[in-house]
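Novice: From the sequence below, what's the structure:
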Amino acid sequence: MQLVCPAGNLPALRAAVDAGADAVYAGFRDQTNARAFPGLNFDDAELRAGIAYAHQRGCKVYIALNTYPETSRLRVWQEAVDHAAALGCDAIIAAEMAVLDHAMREHPGMARHLSVQGSATSAPALRYMHERFGISRAVLPRVLSLQQVERLCVFSPVPLEVFAFGSLCIMVEGRCQLSSYVTGASPNRHGVCSPARFVRWEEHGDGQRGVRLNGMLMDRYAPGEPAAYPTVCKGRFDVGGEVFHALEEPTSLNTLALLPQLAKAGVAALKIEGRQRGVAYVTTVTRTWREAIDRHLANPAAWSPNPAWQQALSAHAEGHQTTLGPYHRAWH
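Specialist: Alright, predicted model coming up:
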């Protein structure tokens, strides 16, 4: 299985490559990708340097163009496709059909991966995207049980990539509009949920901290309590007089224990979430998964999760807790 790791900037890209990534994914410094935070992503010089660094070490580079353009701005995304091809990237990761169509017609030799934002969860959907736009891989949304992933691996016309570790979202990839209700900026169109310009932290005299998104209180933290970046889906809400994470708790997906089953199912690639995370995260998580995959490849029958791997991953998990998410659902 290929290990696909995040690169939010050039130091993170180099860290991922050095730690054993088979491929890294990156984005341009604009809203064509779904991690358009200020100070994140690549300019031309950095991306050229990053692609050269990766290719010299046998690592591939994928460019995420996974947001949805407005009709009047489609040309910006098409030009981003052209630019990715000119830079020599190994594939683009896209969700919008018009973007995939342009890539297929203008750059047929460049691989096209269907983004998780494309929300393809069935064999007919994958078949359509393969037949119509020539995708060579699809990233599955984080809504499927393990049994559903196994079944799709049997019937999918293209190799499949699944998220293995990292932050979870509200589970409607490509369709979430929560941020736009509070900020007016949709993650699917503007490239980021909870844009930084809307975020304000508050320090209280009793040691508590609060965080607001466009003036709306998202959460309040006790002294010493780990604080998460504010998103609507992971805020705490007053529901019937009880304050709790009504939609989703801050936690990270961790499928390390399922590695043998994912390998047996025929999953082609394991993806690490976290282009917004730093070098320490990228280094530790990449190195841990590299070792786990390599040990499984060498001796599948004797493989078991190393407690040290789980400890290392938990230290970098959102909210310092992990979950199997929908993978552990008994129903499907």
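
Novice: For the rest of this, base every contact and every neighbour count on C-alpha atoms.
Specialist: Fine.

Novice: Show the model's pLDDT score for residue 7.
Specialist: For residue 7, the model assigns a pLDDT of 97.

Novice: got the contact list for the helix or strand of the chain with the lowest mean pLDDT?
Specialist: Lowest mean confidence among the helices and strands of the chain (mean pLDDT, DSSP states H and E): helix 187-190, at a mean of 76. By C-alpha atoms under 8 Å, 6 or more residues apart in numbering, the surrounding residues in contact with helix 187-190 are 31-32, 34, 36, 67-70, 174-177, 179-180, 193-194.

Novice: Strands of the stretch 101-250 of the chain, start to end?
Specialist: For the stretch 101-250 of the chain, strands defined by DSSP state E, counting those that start in this stretch occupy the ranges 111-114, 137-139, 160-167, 199-203, 209-213, 216-221, 237-239, 242-244.

Novice: got any ranges where the protein has weak pLDDT?
Specialist: Applying pLDDT under 70 to the chain flags residues 170-172, 174, 319-320, 330-332.

Novice: From what I see, residue 152 and residue 120 are in contact.
Specialist: No - the pair residue 152 / residue 120 is not scored as a contact, 10.6 Å apart, by C-alpha atoms under 8 Å.

Novice: how big is the angle separating the longest helix seen in the chain from strand 160-167?
Specialist: For the chain, the longest helix by residue count, based on DSSP state H, is helix 279-298. On the basis of axes from the mean of the first three to the mean of the last three C-alpha atoms, to 10 degrees, helix 279-298 is oriented at 140 degrees to strand 160-167.

Novice: all numbers from here: first residue = 8
Specialist: Noted, 8 is the first residue going forward, which turns the last one into helix 286-305.

Novice: buried stuff in helix 286-305?
Specialist: Across helix 286-305, burial judged by 16 or more other C-alpha atoms under 10 Å covers 286, 288-297, 299-300, 303.

Novice: possible to save those as TSV with distance to residue 60?
Specialist: Formatted as TSV, the buried residues of helix 286-305 follow (distance: C-alpha to C-alpha, whole Å):
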residue	distance to residue 60
286	16
288	20
289	16
290	16
291	20
292	20
293	17
294	18
295	21
296	21
297	19
299	24
300	23
303	28
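
Novice: Residue 90 and residue 12: what is the separation?
Specialist: 22 Å (C-alpha to C-alpha, to the nearest Å).

Novice: more neighbours, the two?
Specialist: Neighbours per residue (other C-alpha atoms under 10 Å) separate residue 90 from residue 12, with residue 12 holding more: 32 against 14.

Novice: Quick check: chain neighbours aside, which residue is closest to residue 57?
Specialist: residue 17 (6.1 Å; C-alpha to C-alpha, 6 or more residues apart in numbering).

Novice: what's the answer for residue 60, then?
Specialist: residue 21 (7.2 Å).

Novice: returning to that earlier point: can you pick out the most distant pair from the buried residues of helix 286-305?
Specialist: Spatial extent of those (C-alpha to C-alpha) is set by the pair 286 and 303 at 25.6 Å.

Novice: What backbone torsions are found at the most centrally placed residue in the chain?
Specialist: Centroid check for the chain by C-alpha atoms, centre = their mean gives residue 280 as the closest residue, at 3.9 Å. Main-chain torsions, residue 280, degrees, to the nearest 10: phi -80, psi 150.

Novice: Go ahead and confirm it touches residue 169.
Specialist: No - in this structure residue 280 lies outside contact range of residue 169 using C-alpha under 8 Å: 10.4 Å.

Novice: Pull up the gap between the residue nearest to residue 60 and residue 61, please.
Specialist: 7 Å.

Novice: same deal with residue 132?
Specialist: Between residue 132 and residue 61 the computed distance is 32 Å (C-alpha to C-alpha).

Novice: Who has more neighbours out of those two?
Specialist: residue 61 (21 against 14).

Novice: does the more buried one count as helix, strand or coil?
Specialist: Secondary structure state of residue 61, per DSSP: H, G, I helix; E, B strand; the rest coil, is helix.
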